[in-house]
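Undergrad: From the sequence below, what's the structure:
(4 chains)
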Number of protein chains: 2
Amino acid sequence: MGVGNCRPLFYNVGMELAEPCAHCAVRDRALCSTLSDDELAQLNAIGHRREMERGETLLWAGDDSVVCGNLISGVLKLVAASADGREQIVGLVYPGDFVGQPYVEKAEFTVTALTEAEVCLFPRAPFERALDDHHAMERLLLQRTLQALNTARGRMLSLARSSAQEKVAGFLLDMAERAGTSACRAVPDGPLTFDLPLTRGQIADVLGLTIETVSRQMTRLKVAGVIALPGGRAVTICDRDALQARAEAA
Amino acid sequence: MGVGNCRPLFYNVGMELAEPCAHCAVRDRALCSTLSDDELAQLNAIGHRREMERGETLLWAGDDSVVCGNLISGVLKLVAASADGREQIVGLVYPGDFVGQPYVEKAEFTVTALTEAEVCLFPRAPFERALDDHHAMERLLLQRTLQALNTARGRMLSLARSSAQEKVAGFLLDMAERAGTSACRAVPDGPLTFDLPLTRGQIADVLGLTIETVSRQMTRLKVAGVIALPGGRAVTICDRDALQARAEAA
DNA sequence: AAAGGTCTTTGACCGCGGTCAATGTTCTGT
DNA sequence: ACAGAACATTGACCGCGGTCAAAGACCTTT
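TA: Residues are numbered from 1 along each chain as shown, chains lettered A, B, ... in the order given. Below you'll find the predicted structure:
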């Protein structure tokens, strides 16, 4: 059940910022950060929020690309699949990131929630019109898209040319960085512990490996004392430098 | 020797379109297609042309991203490399395509000519200002960037999950499509012959394989009668459907 | 035409990572 | 607390594609 209904009926009355943008967790990071409170209220008139459960799909590859928007909380995956069912996660979406593609008729990739998530959605057509009116937002979208392109191209190198060991080590470093605030560390610069938002199977889909290979490489890193696996989906990075070294050399 | 000097000294005098844009081969396809003749003349004032030889590099990964522009003729490659020298071609640039990245300080990838090429270059900073003034051009750049992102993500699936056979077959189909006018065909719908602009080594760099594997797969396709290799860098596609089938299934 | 380079093909070998299968662990709902 | 499902680990095996090496084709240059 979404919370779209919570949107107030009279959003742009007076100077006050309409709910729920006023308390939005990504107000300062999403594309909306380019908008004044008034502009934001206008944009909000065409948007609505949606809560998603783990595993729920927002867009299916091949369907009309009907919505786009900002991720508020949780993590989404972008999945490419071949006709015979092989899958590859081609992107991860974090809070503050933009999801979907304006100016594109058909969605090329399936977008699914990896965790519970909350998104702020806009129908594509009116959102494109909003880009016309808010030049700074379009500019930021261009910059974000250029960044995403660089990220995707960097991952092409890794997918094609890195060993399984390098891929897994690199992935753990990425996730550690992402974990940020939610990670915890007993001693400054000491071991860092955090939860992975992905299953082994999903990690395999990101890295272009199989579940078994991911699992074996994790075990190898554990045996080498580079990481620890306290149980559940938690990981502890015991020796960041060693992990870095393994991420860079075969 | 570039032809930058050929740029006329008084480009925006009168209504006539300044050389060399008037006869530009990609006038109707490049970002400039969004500009009126007058606007184009203004933009041309900050740009210049450059001819490149096979193997010549336009931008080095890690250097300041100083220029961007449009490719007029030839083919360029975008190369990602790891610290220990492994390489991956993450993009090919064809005539009419945009090269370089506005709003990005450091070039992430090395840009090198695969064939003789001609580019129309702009220093990055004034080009960014031109994007401010010409909204339609910025819009088109955004659309092109979104397309490029989709292409890159599609190739992530292929790099990670396709067999060598599928990669080579798919690559040949792509190149056949690109060859377009320069390809020749004795009978309508009959065998199609064209020249690859890439060496076996470069094809390997595109597909995430080795030279030897690319060569072996080409031979396999030849022995199966799907393609012919008349010599030099030429390829003949004898049975397009069979090639398509091999591109899609392992 | 000969010489030298680069690019390509082919062969022999082997190791990484995929596949198949069984067991162990963690999460979920009642 | 228990049952069942989903997820993770581990082992045995093997094939695809990488590596090393040599020979052949093609393209310059003089």
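
Undergrad: Quick check: residues of chain A near DNA strand D?
TA: Residues of chain A lying near DNA strand D by C-beta under 7 Å from any atom of the strand: A:199, A:200, A:201, A:211, A:212, A:214, A:215, A:216, A:218, A:219, A:229, A:233. Just so you know, the C-beta spots here come from the backbone N, C-alpha and C atoms, and that holds for glycine as well.

Undergrad: Might you report the residue contacts of residue A:121?
TA: By C-beta atoms under 8 Å, 6 or more residues apart in numbering or on different chains, the contact set of residue A:121 is A:47, A:48, A:49, A:50, A:67, A:68, A:69.

Undergrad: no wait, residue A:213
TA: Neighbouring residues of residue A:213 by C-beta under 8 Å, 6+ apart: A:164, A:204.

Undergrad: Return the helix or strand in chain A with minimum mean pLDDT.
TA: Ranking every helix and strand in chain A by mean pLDDT, DSSP states H and E puts strand A:184-185 at the bottom, with a mean of 66.

Undergrad: Of the residues of chain A next to DNA strand D, which ones also sit close to DNA strand C?
TA: Within the residues of chain A next to DNA strand D, those near DNA strand C by C-beta under 7 Å from any atom of the strand are A:212, A:233.

Undergrad: which among the residues of chain A next to DNA strand D gets closest to chain B?
TA: Nearest to chain B among the residues of chain A next to DNA strand D: residue A:214, at 13.2 Å, using C-beta to the nearest C-beta.

Undergrad: Confirm for me that the closest one is in contact with residue A:168.
TA: Yes - contact criterion C-beta atoms under 8 Å: residue A:214 and residue A:168 qualify, at 6.2 Å.

Undergrad: Pull up the overlap in contacts between those two.
TA: Shared contacts of residue A:214 and residue A:168 (C-beta under 8 Å, 6+ apart): A:203, A:207.

Undergrad: Looking only at neighbour counts, state which of these two leads.
TA: residue A:168 (27 against 24; other C-beta atoms under 10 Å in any protein chain shown).

Undergrad: which SSE is that one in?
TA: For residue A:168, the enclosing helix or strand under DSSP states H and E is helix A:164-179.

Undergrad: now for that helix, which elements pack on it?
TA: Here helix A:164-179 touches helix A:135-161, strand A:192-195, helix A:200-207, helix A:211-223, strand A:234-237, helix A:240-248, going by 3 or more C-beta pairs under 8 Å, 6 or more residues apart in numbering or on different chains; DSSP states H and E.

Undergrad: Distance to residue B:163 and mean pLDDT for the ones you listed - can I get that in a markdown table?
TA: Putting these into a markdown table (distance: least, C-beta to C-beta, whole Å; pLDDT from 0 to 100) gives the following:
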| stretch | distance to residue B:163 | mean pLDDT |
| --- | --- | --- |
| helix A:135-161 | 14 | 97 |
| strand A:192-195 | 35 | 92 |
| helix A:200-207 | 18 | 98 |
| helix A:211-223 | 17 | 98 |
| strand A:234-237 | 32 | 95 |
| helix A:240-248 | 27 | 95 |
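
Undergrad: who's in contact with the residue nearest the centre of chain A?
TA: Most central residue of chain A, judged by C-alpha distance to the mean C-alpha position with C-alpha atoms, centre = their mean, is residue A:93 at 1.4 Å. By C-beta under 8 Å, 6+ apart, residue A:93 lies in contact with A:71, A:75, A:76, A:77, A:78, A:99, A:111.

Undergrad: 7 Å instead?
TA: Going by C-beta atoms under 7 Å, 6 or more residues apart in numbering or on different chains, residue A:93 touches A:71, A:75, A:76, A:78, A:99.

Undergrad: Of those, which is the nearest to chain B?
TA: Of the contacts of residue A:93, the one sitting nearest to chain B (C-beta to the nearest C-beta) turns out to be residue A:78, at 7.1 Å.

Undergrad: and stretch A:85-105, average pLDDT?
TA: In this model, stretch A:85-105 has a mean pLDDT of 96.

Undergrad: does DNA strand C sit close to that stretch?
TA: No - judged by C-beta under 7 Å from any atom of the strand, stretch A:85-105 stays clear of DNA strand C, getting no closer than 8.5 Å.

Undergrad: Identify each buried residue in that stretch, please.
TA: Of the residues in stretch A:85-105, A:87-93, A:95-102, A:104 count as buried by neighbour count, 16 or more other C-beta atoms under 10 Å in any protein chain shown.

Undergrad: could you dump it to PDB, C-alpha only?
TA: Output in PDB follows, covering the C-alpha atoms of stretch A:85-105 (Å, rounded to 0.1, in the frame of the first residue of the first chain):
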ATOM      1  CA  GLY A  85      17.000 -16.000 -18.900                       C
ATOM      2  CA  ARG A  86      20.500 -15.100 -18.100                       C
ATOM      3  CA  GLU A  87      20.600 -12.000 -15.800                       C
ATOM      4  CA  GLN A  88      22.900  -9.100 -15.000                       C
ATOM      5  CA  ILE A  89      22.400  -6.300 -12.500                       C
ATOM      6  CA  VAL A  90      23.600  -3.300 -14.500                       C
ATOM      7  CA  GLY A  91      23.100  -0.700 -11.800                       C
ATOM      8  CA  LEU A  92      22.200  -0.200  -8.200                       C
ATOM      9  CA  VAL A  93      20.100   2.800  -7.100                       C
ATOM     10  CA  TYR A  94      20.700   4.400  -3.700                       C
ATOM     11  CA  PRO A  95      18.700   7.100  -1.800                       C
ATOM     12  CA  GLY A  96      18.900  10.400  -3.600                       C
ATOM     13  CA  ASP A  97      19.500   8.800  -7.000                       C
ATOM     14  CA  PHE A  98      17.200   9.300 -10.000                       C
ATOM     15  CA  VAL A  99      15.300   6.200 -11.400                       C
ATOM     16  CA  GLY A 100      13.800   5.800 -14.800                       C
ATOM     17  CA  GLN A 101      14.500   7.500 -18.100                       C
ATOM     18  CA  PRO A 102      12.800  10.600 -19.500                       C
ATOM     19  CA  TYR A 103      12.700  10.800 -23.400                       C
ATOM     20  CA  VAL A 104      12.800   7.000 -23.600                       C
ATOM     21  CA  GLU A 105       9.600   5.200 -24.700                       C
END
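
Undergrad: Grab the nearest non-local neighbour of residue A:58.
TA: Once flanking residues are discounted, residue A:58 sits nearest to residue A:111: 4.4 Å by C-beta to C-beta, 6 or more residues apart in numbering or on different chains.

Undergrad: From the contact counts, what lies against the helix or strand in which that neighbour is found?
TA: If you go by DSSP H and E, residue A:111 is part of strand A:110-113. Secondary-structure packing of strand A:110-113 (3 or more C-beta pairs under 7 Å, 6 or more residues apart in numbering or on different chains; DSSP states H and E): strand A:57-59, strand A:76-81.

Undergrad: Close to DNA strand C: what parts of chain A are there?
TA: A:163, A:164, A:165, A:208, A:209, A:210, A:212, A:213, A:231, A:232, A:233.

Undergrad: Now with 6 Å, please.
TA: Taking C-beta under 6 Å from any atom of the strand as the criterion, chain A approaches DNA strand C at residues A:163, A:164, A:165, A:209, A:210, A:212, A:213, A:231, A:232.

Undergrad: one step back: which of the helices and strands packed on strand A:110-113 is buried the deepest?
TA: Highest mean neighbour count of the helices and strands packed on strand A:110-113: strand A:76-81, a mean of 22 (counted as mean count of other C-beta atoms under 10 Å in any protein chain shown).
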